[in-house]
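*Asks:* Return atomic coordinates for the entry below.
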Amino acid sequence: MESGLSSMSLEFRDVGLTEKLHYSSAVAFLVYTLILAILRTFNVRDEAARVLVAAPLIAFVTTHILYLNFYKLDYGLNMKVCLIIGIAQLLLWAVWAVLAHHPSRLKLWIVVMGGGLAMLLGVYDFPPHRGFVDVHALQHAATIPLSYLSWSFIKDDAEFRTLNLVKKVK
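*Replies:* Okay, here's the model as predicted:
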């Protein structure tokens, strides 16, 4: 939610602080969701293993955010970092969707494909079509239905995992 608010504040008032908040929250959100993707796709259950996955990524994103905010606000570097993290996450989910045969994998596939297209919109910035809609607005608009589908998949996945755990107990 904070990532969306920071993005929205940048659109309303583009100043140094809102720009830093936007870049920082975007990369923090991507790393957080990458950690979740790794933990879920590899079914990491052991607490020590979860820490071993999360700690280096949290250390990296913290260092990156400190660099952006206190040394140099480098848009190009941040874009590359975000793209690498986003692509890694999409690949993890795509491979998992093929191998896991999850009942809601169609929702996940739509999120993966739509997320990839939204990333492309972010990379290929072009001027507004007929002066009305720019690519950045299209990118933000695309994330609305993708967010809904993503949360719907998460709910379905939680129900699916709970059902499987209950079956194992009986």
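
*Asks:* make it CA atoms for all contacts and neighbour counts henceforth
*Replies:* OK.

*Asks:* Let me see the contact set for Ser24.
*Replies:* Ile65, Leu68, Asn69 (Cα atoms under 8 Å, 6 or more residues apart in numbering).

*Asks:* Can you check my assumption that it lies in a helix?
*Replies:* Yes. Judged by DSSP: H, G, I helix; E, B strand; the rest coil, Ser24 forms part of a helix.

*Asks:* how near is it to Ala118?
*Replies:* Separation of Ser24 from Ala118 (Cα to Cα, to the nearest Å) stands at 19 Å.

*Asks:* Tell me how many other residues crowd Lys80.
*Replies:* Neighbours of Lys80 under the rule other Cα atoms under 10 Å: 12.

*Asks:* where does it land in three-state SS?
*Replies:* Taking three-state DSSP, the label given to Lys80 is helix.

*Asks:* How confident was the prediction at it?
*Replies:* Note for Lys80: predicted pLDDT of 95.

*Asks:* try the one 4 residues further on
*Replies:* Confidence per residue is given as pLDDT, and for Ile84 that number is 97.

*Asks:* same check, this time on the one 4 residues further on
*Replies:* Predicted confidence (pLDDT) for Ala88: 98.
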